[in-house]
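Asks: model this:
(chains A, B and C)
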Amino acid sequence: MPELPEVEFFRHCLSQGRDNSPPILRENIREAELLWKGALAAPSPDEFLARVQGQTVERIGRRGKYLLIHLSEDTLVLHFRMSGEVVVEAQTEPVAKHCRLMLNFDDGIRLAFNNPRKFGRVWLVADPEALLAHLGPEPLSDAFTPERFYTTLQGCHRQMKYFLLDQKIIAGLGNIYVDEALYLSKIHPQTKSDTLSFEQAELLWKSIRQVLRDGIENQGTSFDWMYKGGNYQHFLKVYQRTGEPCAICGTPIKRITIAQRGTHYCPSCQTLSEK
DNA sequence: ACGAGCGCCTGTCGGC
DNA sequence: TGCCGACAGGCGCTCG
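Replies: Residues are numbered from 1 along each chain as shown, chains lettered A, B, ... in the order given. Have a look, this model is predicted:
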(Lines give C-alpha, C1' and ligand atoms only; values in the text may rest on other atoms or scores of the structure.)
Protein backbone atom coordinates (compact mmCIF):
# COMPACT_ATOMS: atom_id res chain seq x y z
CA MET A 1 0.00 0.00 0.00
CA PRO A 2 1.68 3.14 -1.15
CA GLU A 3 2.91 5.07 1.87
CA LEU A 4 5.50 7.85 1.82
CA PRO A 5 8.46 5.77 0.51
CA GLU A 6 6.44 4.21 -2.30
CA VAL A 7 5.00 7.55 -3.42
CA GLU A 8 8.48 9.08 -3.21
CA PHE A 9 9.66 6.35 -5.54
CA PHE A 10 6.86 7.16 -7.99
CA ARG A 11 7.89 10.82 -7.83
CA HIS A 12 11.46 9.85 -8.61
CA CYS A 13 10.44 7.67 -11.55
CA LEU A 14 8.23 10.32 -13.12
CA SER A 15 10.84 13.05 -12.85
CA GLN A 16 14.02 11.04 -13.49
CA GLY A 17 12.74 8.11 -15.56
CA ARG A 18 13.34 4.46 -14.86
CA ASP A 19 14.51 1.50 -16.95
CA ASN A 20 12.35 1.59 -20.07
CA SER A 21 10.03 4.37 -18.91
CA PRO A 22 11.08 7.96 -19.63
CA PRO A 23 10.47 10.95 -17.33
CA ILE A 24 7.33 12.95 -18.12
CA LEU A 25 8.72 16.43 -17.52
CA ARG A 26 7.77 18.91 -20.26
CA GLU A 27 5.33 16.40 -21.76
CA ASN A 28 2.20 17.99 -23.20
CA ILE A 29 -1.18 16.39 -22.48
CA ARG A 30 -3.07 15.71 -25.71
CA GLU A 31 -6.05 14.23 -23.90
CA ALA A 32 -7.05 12.43 -20.73
CA GLU A 33 -9.16 9.29 -20.46
CA LEU A 34 -11.14 8.67 -17.33
CA LEU A 35 -11.82 4.94 -17.19
CA TRP A 36 -13.59 4.99 -13.83
CA LYS A 37 -15.35 8.18 -12.87
CA GLY A 38 -15.29 7.38 -9.18
CA ALA A 39 -11.54 7.98 -9.15
CA LEU A 40 -12.07 11.67 -9.76
CA ALA A 41 -12.67 13.63 -6.57
CA ALA A 42 -12.76 17.05 -8.26
CA PRO A 43 -13.72 18.74 -10.49
CA SER A 44 -16.52 17.11 -12.53
CA PRO A 45 -15.44 14.69 -15.29
CA ASP A 46 -16.40 17.12 -18.06
CA GLU A 47 -14.53 20.01 -16.52
CA PHE A 48 -11.55 17.80 -15.72
CA LEU A 49 -11.16 16.46 -19.27
CA ALA A 50 -11.49 19.91 -20.79
CA ARG A 51 -9.20 21.64 -18.34
CA VAL A 52 -6.33 19.14 -18.26
CA GLN A 53 -6.06 19.01 -22.03
CA GLY A 54 -3.15 20.99 -23.46
CA GLN A 55 -1.38 21.48 -20.13
CA THR A 56 2.31 20.67 -19.81
CA VAL A 57 4.03 18.75 -17.00
CA GLU A 58 6.39 21.11 -15.21
CA ARG A 59 7.40 19.41 -11.99
CA ILE A 60 6.67 16.29 -9.92
CA GLY A 61 6.27 16.64 -6.18
CA ARG A 62 5.04 14.73 -3.17
CA ARG A 63 3.34 15.67 0.07
CA GLY A 64 2.76 12.85 2.56
CA LYS A 65 1.21 10.04 0.53
CA TYR A 66 0.01 12.41 -2.18
CA LEU A 67 1.75 12.54 -5.56
CA LEU A 68 1.70 16.01 -7.13
CA ILE A 69 2.00 16.49 -10.87
CA HIS A 70 2.42 20.20 -11.35
CA LEU A 71 1.07 21.30 -14.73
CA SER A 72 1.30 24.63 -16.51
CA GLU A 73 -2.04 25.84 -15.08
CA ASP A 74 -3.16 23.37 -12.43
CA THR A 75 -1.84 20.56 -10.27
CA LEU A 76 -2.94 16.96 -10.65
CA VAL A 77 -3.02 15.40 -7.18
CA LEU A 78 -3.07 11.60 -6.83
CA HIS A 79 -3.71 9.50 -3.74
CA PHE A 80 -3.44 5.71 -4.03
CA ARG A 81 -4.95 4.73 -0.69
CA MET A 82 -4.73 0.93 -0.62
CA SER A 83 -3.14 -0.14 -3.84
CA GLY A 84 -1.68 0.70 -7.17
CA GLU A 85 0.95 2.67 -9.00
CA VAL A 86 1.61 5.11 -11.81
CA VAL A 87 3.15 3.75 -14.99
CA VAL A 88 4.70 5.52 -17.99
CA GLU A 89 4.35 3.48 -21.15
CA ALA A 90 3.76 3.64 -24.89
CA GLN A 91 0.19 4.37 -25.96
CA THR A 92 0.35 1.16 -28.01
CA GLU A 93 0.53 -0.95 -24.84
CA PRO A 94 -2.67 -2.71 -23.80
CA VAL A 95 -4.57 -0.85 -21.09
CA ALA A 96 -4.01 -2.38 -17.66
CA LYS A 97 -6.97 -4.12 -16.05
CA HIS A 98 -7.09 -1.70 -13.13
CA CYS A 99 -6.28 1.49 -14.96
CA ARG A 100 -8.58 4.31 -13.77
CA LEU A 101 -7.08 7.34 -15.52
CA MET A 102 -4.73 7.87 -18.45
CA LEU A 103 -2.95 10.98 -19.65
CA ASN A 104 -1.99 10.65 -23.29
CA PHE A 105 0.91 12.87 -24.23
CA ASP A 106 1.73 14.36 -27.61
CA ASP A 107 4.72 12.13 -28.33
CA GLY A 108 3.15 8.69 -28.03
CA ILE A 109 3.65 7.90 -24.34
CA ARG A 110 1.09 7.97 -21.58
CA LEU A 111 0.81 8.07 -17.81
CA ALA A 112 -1.50 5.42 -16.34
CA PHE A 113 -2.98 5.61 -12.85
CA ASN A 114 -3.55 1.98 -11.91
CA ASN A 115 -5.58 1.40 -8.76
CA PRO A 116 -6.93 -2.17 -8.25
CA ARG A 117 -9.07 -1.39 -5.22
CA LYS A 118 -10.99 1.66 -6.22
CA PHE A 119 -10.02 3.63 -3.11
CA GLY A 120 -7.56 5.95 -4.82
CA ARG A 121 -8.58 9.51 -5.72
CA VAL A 122 -7.49 12.19 -8.18
CA TRP A 123 -7.94 15.96 -7.99
CA LEU A 124 -7.19 18.68 -10.50
CA VAL A 125 -6.79 21.88 -8.54
CA ALA A 126 -5.35 25.35 -8.99
CA ASP A 127 -4.07 25.43 -5.42
CA PRO A 128 -2.74 22.13 -4.03
CA GLU A 129 -1.66 23.86 -0.82
CA ALA A 130 -5.30 24.43 0.08
CA LEU A 131 -6.24 20.83 -0.67
CA LEU A 132 -3.43 19.49 1.51
CA ALA A 133 -3.55 22.07 4.26
CA HIS A 134 -4.78 19.50 6.81
CA LEU A 135 -1.54 17.49 6.65
CA GLY A 136 1.03 17.50 9.42
CA PRO A 137 4.76 18.03 8.84
CA GLU A 138 6.84 16.06 6.39
CA PRO A 139 8.72 13.59 8.59
CA LEU A 140 11.96 13.90 6.62
CA SER A 141 11.96 17.70 6.54
CA ASP A 142 13.97 20.01 8.77
CA ALA A 143 10.71 21.38 10.16
CA PHE A 144 10.06 18.04 11.84
CA THR A 145 12.27 18.21 14.92
CA PRO A 146 12.38 16.04 18.08
CA GLU A 147 11.30 19.06 20.11
CA ARG A 148 8.29 19.76 17.97
CA PHE A 149 7.41 16.06 17.91
CA TYR A 150 7.62 15.84 21.70
CA THR A 151 5.37 18.86 22.11
CA THR A 152 2.76 17.27 19.83
CA LEU A 153 2.96 14.00 21.77
CA GLN A 154 2.41 15.87 25.01
CA GLY A 155 -0.65 17.58 23.60
CA CYS A 156 -2.55 14.33 23.02
CA HIS A 157 -3.62 11.40 25.15
CA ARG A 158 -3.92 8.80 22.42
CA GLN A 159 -2.65 5.32 21.70
CA MET A 160 0.57 5.57 19.70
CA LYS A 161 -0.83 3.51 16.84
CA TYR A 162 -3.69 5.97 16.37
CA PHE A 163 -1.39 8.91 16.88
CA LEU A 164 1.12 7.91 14.19
CA LEU A 165 -1.51 6.94 11.64
CA ASP A 166 -3.11 10.38 11.92
CA GLN A 167 -2.01 12.36 8.85
CA LYS A 168 -2.63 15.62 10.70
CA ILE A 169 0.13 14.65 13.14
CA ILE A 170 2.71 13.44 10.60
CA ALA A 171 2.14 13.18 6.85
CA GLY A 172 2.96 9.94 5.09
CA LEU A 173 3.05 7.16 7.66
CA GLY A 174 0.84 4.11 7.11
CA ASN A 175 0.33 0.78 8.77
CA ILE A 176 3.63 -0.81 7.73
CA TYR A 177 6.00 1.97 8.72
CA VAL A 178 4.15 2.74 11.95
CA ASP A 179 4.57 -0.83 13.19
CA GLU A 180 8.23 -0.84 12.16
CA ALA A 181 9.03 2.51 13.77
CA LEU A 182 7.37 1.53 17.06
CA TYR A 183 9.30 -1.73 17.09
CA LEU A 184 12.63 0.01 16.51
CA SER A 185 11.96 2.37 19.40
CA LYS A 186 10.62 -0.40 21.70
CA ILE A 187 7.31 1.35 22.26
CA HIS A 188 4.10 -0.64 22.66
CA PRO A 189 1.48 0.47 20.09
CA GLN A 190 -1.07 1.14 22.85
CA THR A 191 1.20 3.42 24.86
CA LYS A 192 -0.49 6.77 25.40
CA SER A 193 1.30 9.56 23.57
CA ASP A 194 1.67 11.90 26.55
CA THR A 195 3.35 9.24 28.69
CA LEU A 196 6.50 9.12 26.53
CA SER A 197 9.68 10.66 27.90
CA PHE A 198 11.65 13.10 25.75
CA GLU A 199 14.26 10.37 25.25
CA GLN A 200 11.61 7.95 23.99
CA ALA A 201 10.17 10.63 21.74
CA GLU A 202 13.59 11.36 20.31
CA LEU A 203 14.26 7.66 19.67
CA LEU A 204 10.87 7.32 17.96
CA TRP A 205 11.61 10.44 15.90
CA LYS A 206 14.86 8.82 14.76
CA SER A 207 13.14 5.49 14.09
CA ILE A 208 10.42 7.08 11.96
CA ARG A 209 13.02 8.78 9.80
CA GLN A 210 15.11 5.61 9.69
CA VAL A 211 12.34 3.32 8.44
CA LEU A 212 11.20 5.89 5.88
CA ARG A 213 14.74 6.43 4.56
CA ASP A 214 15.35 2.67 4.41
CA GLY A 215 12.04 2.24 2.62
CA ILE A 216 12.93 4.89 0.05
CA GLU A 217 16.36 3.36 -0.46
CA ASN A 218 14.68 0.04 -1.26
CA GLN A 219 12.09 1.67 -3.52
CA GLY A 220 9.34 0.89 -1.05
CA THR A 221 7.60 -2.23 0.15
CA SER A 222 6.03 -4.69 -2.28
CA PHE A 223 2.89 -6.44 -1.19
CA ASP A 224 1.37 -9.16 -3.31
CA TRP A 225 -0.36 -7.71 -6.32
CA MET A 226 -1.05 -4.34 -4.71
CA TYR A 227 2.29 -2.78 -5.47
CA LYS A 228 5.29 -4.60 -6.89
CA GLY A 229 8.06 -2.04 -7.03
CA GLY A 230 10.32 -2.33 -4.04
CA ASN A 231 12.31 -4.64 -1.82
CA TYR A 232 11.76 -3.29 1.68
CA GLN A 233 9.44 -6.19 2.55
CA HIS A 234 12.60 -8.29 3.01
CA PHE A 235 13.75 -5.98 5.80
CA LEU A 236 10.54 -5.67 7.80
CA LYS A 237 11.01 -6.70 11.43
CA VAL A 238 7.40 -7.10 12.61
CA TYR A 239 4.91 -6.21 9.90
CA GLN A 240 3.18 -9.39 8.69
CA ARG A 241 5.61 -11.52 10.68
CA THR A 242 3.11 -12.80 13.21
CA GLY A 243 4.50 -15.80 15.08
CA GLU A 244 8.02 -15.38 13.77
CA PRO A 245 10.80 -14.83 16.33
CA CYS A 246 11.76 -11.25 17.22
CA ALA A 247 15.20 -10.47 15.78
CA ILE A 248 16.32 -9.12 19.15
CA CYS A 249 14.89 -11.50 21.77
CA GLY A 250 13.33 -14.41 19.89
CA THR A 251 9.84 -13.92 21.31
CA PRO A 252 7.14 -14.65 18.70
CA ILE A 253 5.80 -11.48 17.08
CA LYS A 254 2.23 -10.78 18.15
CA ARG A 255 -0.65 -9.41 16.11
CA ILE A 256 -3.52 -7.44 17.61
CA THR A 257 -6.10 -5.11 16.12
CA ILE A 258 -5.96 -1.39 16.84
CA ALA A 259 -7.80 1.23 14.84
CA GLN A 260 -9.29 -1.58 12.71
CA ARG A 261 -5.81 -2.39 11.51
CA GLY A 262 -3.52 -5.32 12.00
CA THR A 263 -0.84 -4.25 14.44
CA HIS A 264 2.37 -6.22 14.84
CA TYR A 265 4.80 -5.95 17.74
CA CYS A 266 7.16 -7.87 20.01
CA PRO A 267 5.38 -8.44 23.33
CA SER A 268 8.71 -8.73 25.09
CA CYS A 269 10.61 -5.74 23.65
CA GLN A 270 7.60 -3.41 23.42
CA THR A 271 6.01 -3.46 26.85
CA LEU A 272 3.07 -1.42 28.03
CA SER A 273 4.04 0.28 31.26
CA GLU A 274 1.30 2.74 32.13
CA LYS A 275 -1.94 3.87 30.56
C1' DA B 1 -10.83 14.47 22.89
C1' DC B 2 -10.79 9.94 21.79
C1' DG B 3 -11.87 5.88 19.43
C1' DA B 4 -15.19 2.36 17.69
C1' DG B 5 -17.79 1.15 13.63
C1' DC B 6 -18.95 1.55 8.90
C1' DG B 7 -18.58 2.02 3.84
C1' DC B 8 -15.96 2.06 -0.04
C1' DC B 9 -13.49 -2.08 -3.19
C1' DT B 10 -11.31 -6.44 -5.05
C1' DG B 11 -7.88 -10.25 -4.90
C1' DT B 12 -6.66 -13.91 -1.94
C1' DC B 13 -7.25 -17.55 1.10
C1' DG B 14 -9.41 -21.03 4.15
C1' DG B 15 -13.27 -24.03 4.73
C1' DC B 16 -16.40 -27.13 3.01
C1' DT C 1 -12.26 -28.49 -8.20
C1' DG C 2 -15.17 -24.83 -7.19
C1' DC C 3 -17.97 -21.86 -4.58
C1' DC C 4 -18.44 -18.58 -0.79
C1' DG C 5 -17.63 -15.87 3.05
C1' DA C 6 -14.07 -13.54 5.60
C1' DC C 7 -10.37 -10.61 5.45
C1' DA C 8 -7.15 -6.77 4.45
C1' DG C 9 -6.73 -1.69 4.91
C1' DG C 10 -6.54 4.46 4.10
C1' DC C 11 -9.58 7.68 5.03
C1' DG C 12 -13.76 10.27 5.85
C1' DC C 13 -17.73 9.99 8.20
C1' DT C 14 -21.06 9.30 12.18
C1' DC C 15 -21.82 8.33 16.78
C1' DG C 16 -21.19 7.49 21.79
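
Asks: Which residue, other than its chain neighbours, is closest to A:Pro267?
Replies: Once flanking residues are discounted, A:Pro267 sits nearest to A:Lys254: 4.8 Å by Cβ to Cβ, 6 or more residues apart in numbering. (Each C-beta comes from the backbone N, C-alpha and C, glycine too.)

Asks: Spit out the contact partners of the one you found.
Replies: If a contact means Cβ atoms under 8 Å, 6 or more residues apart in numbering, then A:Lys254 has A:Thr242, A:His264, A:Tyr265, A:Cys266, A:Pro267 as its contacts.

Asks: what's near enough to touch the closest residue to DNA strand B within the stretch 51-200 of chain A?
Replies: Across the stretch 51-200 of chain A, no residue is closer to DNA strand B than A:Arg158, which sits at 3.2 Å (Cβ to the nearest atom of the strand). Contacts for A:Arg158 were tallied using Cβ under 8 Å, 6+ apart; they are A:Asp166, A:Lys192, A:Ser193.

Asks: cutoff 7 Å now
Replies: When contacts are counted by Cβ atoms under 7 Å, 6 or more residues apart in numbering, A:Arg158 is found next to A:Lys192, A:Ser193.

Asks: What's the separation between the residue in the stretch 51-200 of chain A that DNA strand C sits nearest to and A:Asp74?
Replies: Nearest residue of the stretch 51-200 of chain A to DNA strand C (Cβ to the nearest atom of the strand) works out as A:Asn175 at 3.4 Å. To A:Asp74, A:Asn175 is 31 Å away according to Cβ to Cβ, to the nearest Å.

Asks: Would you mind listing what in chain A touches DNA strand B?
Replies: Within chain A, the residues that sit near DNA strand B (Cβ under 7 Å from any atom of the strand) are A:38, A:82, A:97-98, A:116-119, A:156-159, A:162-163, A:192-193, A:224-225, A:258-260.

Asks: Go back to those and keep what's next to DNA strand C.
Replies: Restricting these to those near DNA strand C - Cβ under 7 Å from any atom of the strand - leaves A:Met82, A:Arg117, A:Phe119, A:Gln260.

Asks: Max pairwise distance over the residues you listed: which two?
Replies: A:Arg117 and A:Gln260 (15.7 Å; Cβ to Cβ).

Asks: who has more neighbours, these two?
Replies: Neighbour comparison, A:Arg117 and A:Gln260: the larger count goes to A:Arg117, with 13 against 5 (by other Cβ atoms under 10 Å).

Asks: Counting residues, what is the longest helix that chain A contains?
Replies: Secondary structure of chain A per DSSP state H: the longest helix is helix A:198-217.

Asks: touching DNA strand C at all, that one?
Replies: No. Judged by Cβ under 7 Å from any atom of the strand, helix A:198-217 stays clear of DNA strand C, getting no closer than 13.2 Å.

Asks: elements contacting that helix?
Replies: Applying 3 or more Cβ pairs under 7 Å, 6 or more residues apart in numbering; DSSP states H and E, we find helix A:198-217 packed against helix A:4-16, helix A:146-154, helix A:175-184.

Asks: Using a markdown table, lay out these together with mean neighbour count and mean pLDDT.
Replies: Below are the helices and strands packed on helix A:198-217 laid out as a markdown table (neighbours: other Cβ atoms under 10 Å; pLDDT from 0 to 100):
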| stretch | mean neighbour count | mean pLDDT |
| --- | --- | --- |
| helix A:4-16 | 22 | 94 |
| helix A:146-154 | 16 | 96 |
| helix A:175-184 | 25 | 95 |
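
Asks: quick one: the closest residue to A:Asn115 other than its chain neighbours from A:Lys118, how far?
Replies: Distance criterion Cβ to Cβ, 6+ apart; nearest residue to A:Asn115, sequence neighbours excluded, is A:Gly84 at 3.8 Å. The gap separating A:Gly84 from A:Lys118 is 10 Å, by Cβ to Cβ.

Asks: and the two? which has more neighbours close in?
Replies: Of the pair A:Gly84 and A:Lys118, A:Gly84 is the one with more neighbours under other Cβ under 10 Å, namely 28 against 15.

Asks: OK, contacts around that one?
Replies: A:Pro2, A:His98, A:Asn114, A:Asn115, A:Pro116, A:Gly120, A:Tyr227.

Asks: what's the answer for A:Leu196, then?
Replies: By Cβ under 7 Å, 6+ apart, the neighbours of A:Leu196 are A:Leu153.
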